[in-house]
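**Q** build me a model from this:
(3 chains)
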Amino acid sequence: MKYIDEFRDGKLAQVIADAVALAADPGRSYKLMEFCGGHTHAIHRYGVQDLLPDNVQMVHGPGCPVCVLPMSRIDNAIALVRDADVILCTYGDMLRVPGSGNSSLLKAKAQGADVRMVYSSIDALNIARDNPDRQVVFFAIGFETTTPPTAVVIQQAESLGLANFSVFCNHVLTPSAIQNILQSSDVRELGRVRIDGFIGPAHVSTVIGSRPYEYFACEYQRPVVIAGFEPLDVMQSILMLIRQLNEGRAEVENEFSRAVSREGNRKAQALVAEIFELRRCFEWRGLGSVPYSGLRIKKKYAGYDAETRFNLPSLPWADNKACECGAVLRGVTKPRDCKLFGTVCTPETPVGPCMVSTEGACAAYFTYGRYRDVRRTA
Amino acid sequence: MCLAIPAKIIDIDGVMATADVGGVQKAISLALVDNIAVNDYVIVHVGYALNRLDPDEAELTLQLFRQVARESGLPWPGDAA
Amino acid sequence: MSAVKKNYTRPVDFKHGHVDMSHGSGGRAMAQLIDELFLRAFDNHWLRQMNDNAVFPVSSGRMVVATDSHVVSPLFFPGGDIGCLSVHGTVNDVAMSGARPLYLCASFILEEGYPLADLRRIVQSMARAAQEAGVAVITGDTKVVERGKGDGVFITTTGVGRLPAGIDISGDRAEPGDMILVSGTLGDHGVAIMSLRENLSFTTNIESDTASLHGLVADMMAVVPEIHCLRDPTRGGLASALNELAHQSGVGIQLRESDLPIRNEVKGACEILGLDPLYVANEGKLVAICPPQRAEYLLDVMRAHPLGKDAAIIGEVREDPHGFVEMATAFGGNRIVDWLSGEQLPRIC
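**A** Just a heads-up that it's a prediction; the model follows:
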């Protein structure tokens, strides 16, 4: 597959791995955060950590929109489909995420609720058109990559006058999350989490461009390299970060130049700006309340806002006290250090979202990483 | 972030297009991009093209990998020893 | 004067008719459906006797029995349907012991309202598959459930076979050093099914690989009787089958990703949907584990058979008390290929 296979070439990987080993200063360690869940997945799936020297360590960031969605929002969605008898259209990722009381959309579906998995927001719109006498709600989640597709269908619903369609909006913003991490006491004062540099998300950046990261690089003096999605991209970006750190630079570099420009996708940005506005604050699992980090539908399009239409309440929620997803998301705790990991909490019986989402640090570690520790101690 | 894949546009019909990945074809929307032509490659995410993939930049990136090898004095796979 | 013949019974309307509750009630309508549909399609002396059972002779030695329920949706898919699938699936389960499949029992649960035209297509497809496989459908059952309580058609098949002496194939026989082979390309069936699912539809040439494998197994056993394990990787894909075998035998497995035969279209579909081909279902493939010195020979034998032409050696068994299945990625690192968690769902992240 073109533009995929070339960037997964094993022989090239070894070359870059050798270059990384040469570039890494044996006198120091490098702690690099890959913000995006897709990169976490790639790193594990291709065994990238195996190719890195021991003093280069990856710290997993909170770039998994499934993982950071607060439980109360899942509860809202479950209540909607159970009590209001809507057709709830959702991406596959959300089906198994636990809500309060060990519920989930998948369980609600098993009990008869009309939950439908869709691949695209277009599918949700079509379901609304095909079922004019039912209310159809699209459970919209995701970072800036997934927000424009939601904007498109809201606009289309409006031009079609589709009265039975609405969107439950949970879109969040990447730069706010990065800022929150960099400003957190864990990073700043307590030195619990050291992050020397960031691997910037691939596809979020195709939409927002490389410009928004310039602020972080400057303000917090941390280099950012925007990396493509394939493992060679990730390795090359790690090399670029190491070089920046060795040279004392803190710049934004774009490794994913084949799809990311400084300005990003202006058309998509304009459409998002037309439909959505910033919420003053939005609750993130693990990060708490983050200002100006979430989007809501503008009043102009309130007719398509499920929160308004169904008067969705702000529900109280309490994570399982022993669940360390929050700390894991901030990079403070490793999955294996959570008391519930691997026993009570497994991919089959997840307690927190980090285990349920394939991008979640705990799921990735359970599925791909467990055996490394076993080997090491064996 | 998020699952997005480079795909080749093999047919365009208004705002919809047919994208091909390794011989599998899916209908996708071009609502978020402009000036896409048949045979262009785009990044596809949840049924939408998000951006055109620049073939020149892709080639440059691959060359970048080659440069890494040269700068580090490492043998390039395929080079005569 | 009426020109209707004496003893005339209106035949079952396969063109426009639908299953109704009377077809499961045990009365005349059911008898007629059985006669005109099932007997006619499967036609053998057991069914013609019209008993509720079938008597067959047994030679000395060991018999093998296996059963499988089939609930696939959609019922018709590129490359097959629930009918032939139900034959292939159970024939393969029997064949994985090394036995020769002989007979099948078939029980049907039909949903009220299901079109008889489609039911006939399914049954005829089953009959063709059984004939090609050299097995007879010797007894069966039919029930009807109310509309909404079934998915059109569910079929359960039970297969009986005879196991020649001296064969000992079992999931707990894998030994460190053994080689692992697969009979062909992975993930075809699952991708073919998924291409028809609402909200996921994509266009592809991929067809289900559903097929009866006992002919291939017979060829393999004839020249390499020392095969330790055979398994057909159906639901959960290759990964699940290998984790089962590793667990049963108390060993570890090391695979090589670059040796896995996977078609480009299957890779493409999995990329689009975010699935891992290792976990996607197959219905016409087998995994074989054999002593290392016989592996190349076994590979040649498999490749000589039409159902094994893409066969490959994909890895080896090794000592590992934890029973991990690991894979050397084409990229150069190593990763674990764990048990499937829940159901593999297409994802956006």
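**Q** alpha carbons only for contacts and neighbour counts from here, please
**A** Fine.
**Q** how many other residues sit next to A:Asp130?
**A** Per other CA atoms under 10 Å in any protein chain shown, the neighbour tally for A:Asp130 reads 10.
**Q** whoops, A:Arg129 was the one
**A** A:Arg129: 18 surrounding residues under other CA under 10 Å.
**Q** wait, doesn't it sit right on A:Gly161?
**A** No - under the criterion of CA atoms under 8 Å, A:Arg129 is not in contact with A:Gly161, lying 10.4 Å apart.
**Q** got the contact list for whichever residue of the stretch 151-300 of chain A sits closest to chain C?
**A** The nearest approach of the stretch 151-300 of chain A to chain C comes at A:Pro231, 7.8 Å away (CA to the nearest CA). Neighbouring residues of A:Pro231 by CA atoms under 8 Å, 6 or more residues apart in numbering or on different chains: A:Phe7, A:Arg8, A:Ala42, A:Ile43, A:Tyr46, A:Val48, C:Phe331.
**Q** would you turn those into TSV with pLDDT?
**A** Below are the contacts of A:Pro231 laid out as TSV (pLDDT from 0 to 100):
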residue	pLDDT
A:Phe7	86
A:Arg8	86
A:Ala42	84
A:Ile43	86
A:Tyr46	84
A:Val48	88
C:Phe331	86
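**Q** considering only those, which also neighbour chain B?
**A** A:Phe7 (CA under 8 Å from any CA of the partner chain).
**Q** ok, residue 68 - contacts?
**A** All of this refers to chain A. Per CA under 8 Å, 6+ apart, neighbours of A:Val68: A:Pro62, A:Trp284, A:Arg285, A:Gly286, A:Leu329, A:Pro353.
**Q** my question was about chain C, not that one.
**A** Here C:Asp68 is in contact with C:Ser86, C:Gly89, C:Thr90, C:Thr156, C:Thr157, C:Thr158 (CA under 8 Å, 6+ apart).
**Q** helix or strand for the fifth one, which one?
**A** Under the criterion of DSSP states H and E, C:Thr157 resides in strand C:153-163.
**Q** what's the average pLDDT for the helix or strand just after that strand?
**A** Counting by DSSP H and E, the next helix or strand C-terminal to strand C:153-163 is strand C:179-182. Regarding strand C:179-182, the rounded mean pLDDT is 98.
**Q** list the strands paired with strand C:179-182, with their directions.
**A** strand C:287-290 (antiparallel), strand C:312-318 (antiparallel) (DSSP bridges).
**Q** count the neighbours of B:Gly73 for me.
**A** Close neighbours of B:Gly73, defined as other CA under 10 Å, add up to 10.
**Q** scratch that, A:Gly161
**A** A:Gly161 has 11 neighbouring residues, counting by other CA under 10 Å.
**Q** distance of it relative to A:Val15?
**A** Separation of A:Gly161 from A:Val15 (CA to CA, to the nearest Å) stands at 56 Å.
**Q** for C:Ala130, same thing?
**A** C:Ala130 is 54 Å from A:Val15, where distance means CA to CA.
**Q** hmm, back to that, just put the strands paired with strand C:179-182 in JSON lines and tack on mean pLDDT.
**A** Below are the strands paired with strand C:179-182 laid out as JSON lines (pLDDT from 0 to 100):
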{"stretch": "strand C:287-290", "mean pLDDT": "98"}
{"stretch": "strand C:312-318", "mean pLDDT": "98"}
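**Q** right, so those strands: which one is the most enclosed?
**A** Each of the strands paired with strand C:179-182 was scored by mean neighbour count; the highest is strand C:287-290, a mean of 25, by mean count of other CA atoms under 10 Å in any protein chain shown.
**Q** which residues touch it?
**A** Under CA under 8 Å, 6+ apart, the answer for strand C:287-290 is C:174, C:178-183, C:226-233.
**Q** quick check: the farthest pair among those residues?
**A** C:Glu226 and C:Pro233 (20.7 Å; CA to CA).
**Q** is A:Gln244 in a helix, a strand, or coil?
**A** helix (DSSP: H, G, I helix; E, B strand; the rest coil).
**Q** what residues are up against the residue nearest the centre of chain A?
**A** By CA atoms, centre = their mean, chain A has its centre lying nearest to A:Cys64, at 2.2 Å. Applying CA under 8 Å, 6+ apart to A:Cys64 gives the contacts A:Cys36, A:Gly37, A:Ser357, A:Glu359, A:Gly360, C:Cys349.
**Q** quick check, nearest of those to chain B?
**A** Nearest member of the contacts of A:Cys64 to chain B, counting by CA to the nearest CA, is C:Cys349, at 3.7 Å.
**Q** so stretch A:196-205, near chain C or not?
**A** No - Stretch A:196-205 is not in contact with chain C by CA under 8 Å from any CA; minimum separation 10.5 Å.
**Q** residues making contact with that stretch?
**A** In contact with stretch A:196-205 (CA under 8 Å, 6+ apart) are residues A:30-36, A:39, A:143-145, A:174, A:222-229, A:234, A:237-238, A:241, A:245, A:256, A:260, A:264, B:1-2, B:4.
**Q** quick one: buried ones out of those?
**A** A:30-36, A:39, A:143-145, A:174, A:222-229, A:234, A:237-238, A:241, A:245, A:256, A:260, A:264, B:1-2, B:4 (16 or more other CA atoms under 10 Å in any protein chain shown).
**Q** poorly predicted segments of chain C, please.
**A** Counting by pLDDT under 70, chain C contains low-confidence ranges at C:1-2, C:198-199, C:342-349.
**Q** so where do the helices sit in it?
**A** Using DSSP state H, the helices of chain C run over C:28-33, C:40-42, C:45-49, C:82-95, C:116-133, C:188-194, C:214-223, C:237-249, C:264-273, C:295-303.
**Q** quick one: residues contacting C:Met50.
**A** Per CA under 8 Å, 6+ apart, neighbours of C:Met50: none.
**Q** near chain B, which residues of the stretch 201-350 of chain A are found?
**A** Proximity of the stretch 201-350 of chain A to chain B, by CA under 8 Å from any CA, involves residues A:201-204, A:206-207, A:229, A:236, A:255-259, A:265, A:267-268.
**Q** point out the least confident one among those residues.
**A** In terms of pLDDT, the lowest of those is A:Phe229, showing 87.
**Q** what about the residue lying closest to that one once chain neighbours are set aside, neighbour count?
**A** Leaving aside its sequence neighbours, A:Phe229 sits nearest to A:Ala202 (CA to CA, 6 or more residues apart in numbering or on different chains; 5.8 Å). Neighbour count for A:Ala202, taken as other CA under 10 Å: 32.
**Q** any idea how far A:Ala202 is from A:Gly209?
**A** A:Ala202 is 10 Å from A:Gly209, by CA to CA.
**Q** mutual contacts of the two, please.
**A** In contact with both A:Ala202 and A:Gly209: A:Val260, using CA under 8 Å, 6+ apart.
**Q** count the residues that sit near residue 11.
**A** Reading this off chain A. 15.
**Q** can you look at chain B instead?
**A** 15.
**Q** swap in the one 4 residues further on?
**A** As a burial measure, the neighbour count of B:Val15 was computed by other CA under 10 Å and equals 12.
**Q** and what of C:Thr9?
**A** C:Thr9 has 9 neighbours, counted by other CA under 10 Å.
**Q** what of the one 4 residues further on?
**A** When counting by other CA under 10 Å, one arrives at 12 neighbours for C:Asp13.
**Q** and what of C:Val251?
**A** Other residues within reach of C:Val251, judged by other CA under 10 Å, total 23.
**Q** likewise for C:His305?
**A** 17.
**Q** what's the answer for C:Gly150, then?
**A** Neighbours around C:Gly150, by other CA under 10 Å: 16.
**Q** gap between the closest residue to it other than its chain neighbours and chain A?
**A** Using CA to CA, 6+ apart and skipping the chain neighbours, the partner closest in space to C:Gly150 is C:Glu111 (5.2 Å). Counting by CA to the nearest CA, to the nearest Å, the gap between C:Glu111 and chain A amounts to 19 Å.
**Q** quick check, C:Glu111 in contact with C:Thr142.
**A** No - using CA under 8 Å, C:Glu111 is not in contact with C:Thr142, being 10.8 Å away.
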